[in-house]
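*Asks:* here's my sequence, what's the structure:
(chains A and B)
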Amino acid sequence: MIKVNNLHKHFGDLHVLKGVDMNVNEQEVVCLIGASGSGKSTFLRCLNFLEKAEGQIWIDGQQIDYKRDDLNDLRQDVGMVFQHFNLFPHRTVLGNVTEAPIYVKGVNRKEAEDEAMVLLDKVGLADKADCYPSELSGGQKQRVAIGRALAMKPKVMLFDEPTSALDPELVGEVLSVMKQLAKEGMTMVVVTHEMGFAKEVGDLVVYMDEGNIVEQAKPDEMFSNPQNQRTQEFLSCIL
Amino acid sequence: MEFLQALINSFPIFIKAAVVTVELTATALVIGTIIGLVIALCKISSRKFLNVIANGYITIIRGTPLIVQIFWIYYGLTSIVVLDGFWAASIALAVHNGAYIAEIFRGGIQSIDRGQMEAARSLGMPYSLAMRRIILPQAFRRIMPPLGNQFIIGLKDSSLAAFVTMEELFNISMRMAASTFKDIQFYSIAGLYYLLLVIIFTFLVNKLENKLSEGSSGVGR
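*Replies:* Residues are numbered from 1 along each chain as shown, chains lettered A, B, ... in the order given. Model (predicted):
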């Protein structure tokens, strides 16, 4: 589903990604872990073309070229959930979810709203459809953001530290929506500090450090028997 | 008492002039707002040549007096195309205010969290659609106070159109003053009309501001 080959990214003199390769199969859940500044968020943003990088990326067999006119079409296949939710504050919850289907895909309003209500029901927020984001808790906002991304019927979902900005008691509700999504077979790449989630839901755990993938393994192996010394140090710090 | 008498007697002629002032200002500000928006978008564009155009425009217009710009257009441009005083003054005022409004728009747009554009783009929205549907509506709310301020300045600056034959408030008061030698009286009357217009205008802007902030609160995320 996603194939990345030798991805490099520079911010000025800073070499953030140093030749990252990755393969994500359909229905697979890949969890990216690593210290802050290791490049994992930047890598994720490259997968949604929010950052331009050098190297090759294929999404569902289509290679990314930043000059391509249909980059916006390609983006529709890749849903993104942000650390800070980035809901549209001037639209209701329903408006947030229907915005892109109506104005990007041209779905008629009635149909878009019906589908949106199904999605909101799925994330447990159907009763908040007419609220504005400012009236929601962080966990609710993030669940709306997941619904908003799903409304475009993406083939892949990217999560950029989706629970890092949440109060501890609100983390669970977001994770359970993500678990449900994984169970339904969504292909997911998740940057996270929630090792419990990685252990339970992840098919593959990838440890990044200083712009490189240092180690990748199945969750069991990764957490019980990390091979690389840097991975060991990182995991001993947080587990 | 005498002032009050003069105020009442001059009412028919001054109210006509006030209408001209309002027409002139409204035309100039509508066009000026469009110019401002276009220049602001040029200024934040990733295309270098659009930045150069926007910066050049803002530098020249902000760097020269309005009265010079009005004369440029009235005496200069009218040698190429026929423009009456109304359009010469309107265009000059629009071009002038456009430069200031551009900076107001730019500030408003750039004050919107980057994540808003990223979220919109990540949903497959092209830049222009994201700008129109997501960024500008939020920016509009924030720029209403400085925009209203600029509109008030524009309203009062329209008095300079008096020097290109427009029979607006200031022009009329100059004439009345000259023919009666009661300068203080008629300039005070003109001032009073401007004050009244600004008060009405401020009221309308406040109403609009309240309307815009209905529903969602200003919480950025």
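
*Asks:* what about the strands in chain A?
*Replies:* With DSSP state E as the criterion, chain A has strands at A:2-11, A:14-24, A:29-33, A:54-59, A:62-63, A:78-81, A:156-160, A:187-191, A:204-209, A:212-217.

*Asks:* longest helix of chain B?
*Replies:* The helix spanning the most residues in chain B, taking DSSP state H as the definition, is helix B:11-44.

*Asks:* which neighbouring elements make contact with it?
*Replies:* Helices and strands touching helix B:11-44, by 3 or more CB pairs under 8 Å, 6 or more residues apart in numbering or on different chains; DSSP states H and E, are helix B:48-63, helix B:85-110, helix B:136-157, helix B:169-180, helix B:183-212. All C-beta spots, glycine's among them, are computed from the backbone N, C-alpha and C.

*Asks:* count of residues packed around A:Asn25?
*Replies:* 12 (other CB atoms under 10 Å in any protein chain shown).

*Asks:* kindly provide the distance from it to A:Asn48.
*Replies:* 19 Å (CB to CB, to the nearest Å).

*Asks:* give me the residues contacting stretch A:136-144.
*Replies:* Outside stretch A:136-144, the residues that touch it by CB atoms under 8 Å, 6 or more residues apart in numbering or on different chains are A:81, A:85, A:87, A:93, A:96-97, A:120, A:123-125, A:128, A:133, A:162-163, A:165-167, A:170-171, A:173-174, A:177, B:221.

*Asks:* go with 6 Å
*Replies:* A:85, A:87, A:93, A:96, A:123, A:125, A:133, A:162, A:166, A:170, A:173-174, A:177 (CB atoms under 6 Å, 6 or more residues apart in numbering or on different chains).

*Asks:* out of those, which are close to chain B?
*Replies:* A:Phe85 (CB under 6 Å from any CB of the partner chain).

*Asks:* dump the contacts of stretch A:136-144 to JSON lines, plus neighbour count and pLDDT.
*Replies:* JSON lines is the format used below for those (neighbours: other CB atoms under 10 Å in any protein chain shown; pLDDT from 0 to 100):
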{"residue": "A:Phe85", "neighbour count": "25", "pLDDT": "94"}
{"residue": "A:Leu87", "neighbour count": "28", "pLDDT": "97"}
{"residue": "A:Val93", "neighbour count": "27", "pLDDT": "97"}
{"residue": "A:Asn96", "neighbour count": "28", "pLDDT": "96"}
{"residue": "A:Val123", "neighbour count": "24", "pLDDT": "94"}
{"residue": "A:Leu125", "neighbour count": "24", "pLDDT": "95"}
{"residue": "A:Pro133", "neighbour count": "26", "pLDDT": "95"}
{"residue": "A:Pro162", "neighbour count": "27", "pLDDT": "94"}
{"residue": "A:Leu166", "neighbour count": "21", "pLDDT": "92"}
{"residue": "A:Leu170", "neighbour count": "18", "pLDDT": "91"}
{"residue": "A:Glu173", "neighbour count": "19", "pLDDT": "93"}
{"residue": "A:Val174", "neighbour count": "25", "pLDDT": "94"}
{"residue": "A:Val177", "neighbour count": "21", "pLDDT": "94"}
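
*Asks:* so where's chain A shaky on pLDDT?
*Replies:* Applying pLDDT under 70 to chain A flags residues A:68-69, A:239.

*Asks:* longest helix anywhere in chain A?
*Replies:* The residue-count maximum for a helix in chain A (DSSP H) belongs to helix A:168-183.

*Asks:* which residues sit in contact with A:Glu221?
*Replies:* Contacts of A:Glu221 by CB under 6 Å, 6+ apart: none found.

*Asks:* and it, how close does it get to A:Gly196?
*Replies:* Applying CB to CB, the value for A:Glu221 to A:Gly196 is 17 Å.

*Asks:* can you check B:Val82 too?
*Replies:* 77 Å.

*Asks:* who has more neighbours out of these two?
*Replies:* Taking neighbours as other CB under 10 Å, B:Val82 and A:Gly196 compare with A:Gly196 leading, 11 against 8.

*Asks:* residue contacts, that one?
*Replies:* By CB under 6 Å, 6+ apart, A:Gly196 lies in contact with nothing.

*Asks:* ok so, going back, to chain A, which of the helices and strands packed on helix B:11-44 lies closest?
*Replies:* Chain A lies closest, by CB to the nearest CB, to one member of the helices and strands packed on helix B:11-44: helix B:136-157, at 5.2 Å.

*Asks:* hang on, the earlier thing: same list (the strands of chain A) but as CSV, adding mean neighbour count and distance to B:Met144.
*Replies:* As requested, those are arranged in CSV below (neighbours: other CB atoms under 10 Å in any protein chain shown; distance: least, CB to CB, whole Å):
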stretch, mean neighbour count, distance to B:Met144
strand A:2-11, 17, 36
strand A:14-24, 17, 39
strand A:29-33, 26, 42
strand A:54-59, 16, 41
strand A:62-63, 12, 43
strand A:78-81, 26, 31
strand A:156-160, 24, 33
strand A:187-191, 25, 38
strand A:204-209, 23, 45
strand A:212-217, 19, 49
